[in-house]
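S.K.: Need a 3D model of the following:
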Amino acid sequence: QVQLVESGGGLVQPGGSLTLSCGAFGSIFSINAMGWYRQAPGKQRELVASITSGGTPNYADSVKGRFTISRDNAKNTIYLQMNSLKPEDTAVYSCHAEATSVVDFETNDYWGQGTQVTVSS
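M.R.: Next comes the predicted model:
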């Protein structure tokens, strides 16, 4: 019904930058909050940043001042600009959306397939 497609992960040196993108496709009626979660090996998945349909962002304390989330509602796409990356930012980053499908007009949680971000010298 709703598919999330991510791009932009990769390998970067400490102090470097990466930008992640996530587009929502399919039978979309509306999208509420969208966001990025990450999971490092041996750790639980955690919220990195989220953004409401109105553009209000929310960040984990660990990324405040370094990461910026933005949203293009016309394209059903969010972006995560990651600056001053640290080795502890290494994780699989997954996109999330709370969306309503035109198929059944139910609101559900949708997830992308995940993209690896590795911060290493």
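
S.K.: What are the neighbouring residues in contact with the most centrally placed residue in the chain?
M.R.: Geometric centre of the chain, nearest residue: W36, 2.6 Å, by CA atoms, centre = their mean. The contact partners of W36, taken as CB atoms under 8 Å, 6 or more residues apart in numbering, are 20, 22, 47-50, 69, 78, 80, 93-96. Where you see a C-beta, it was placed from the backbone N, CA and C, and this is true even at glycine.

S.K.: and if we set it to 10 Å?
M.R.: 6, 20, 22, 47-51, 60, 63, 67, 69, 78-80, 82, 93-96, 112, 115 (CB atoms under 10 Å, 6 or more residues apart in numbering).

S.K.: And for A97?
M.R.: A97 neighbours (CB under 10 Å, 6+ apart): 2-4, 22-24, 28, 31-35, 50, 76, 78, 108-112.

S.K.: how much space is there between Q3 and C22?
M.R.: 11 Å (CB to CB, to the nearest Å).

S.K.: Which neighbours do the two have in common?
M.R.: With CB under 10 Å, 6+ apart, Q3 and C22 have common neighbours 97, 112.

S.K.: Apart from its chain neighbours, what residue comes closest to G15?
M.R.: Spatial nearest neighbour of G15, excluding adjacent residues (CB to CB, 6 or more residues apart in numbering): S84 at 6.1 Å.

S.K.: quick revisit: could you tell me which of the contacts of W36 count as buried?
M.R.: In the contacts of W36, burial by neighbour count holds for 6, 20, 22, 48-51, 63, 67, 69, 78-80, 82, 93-96, 112, 115, counting by 16 or more other CB atoms under 10 Å.
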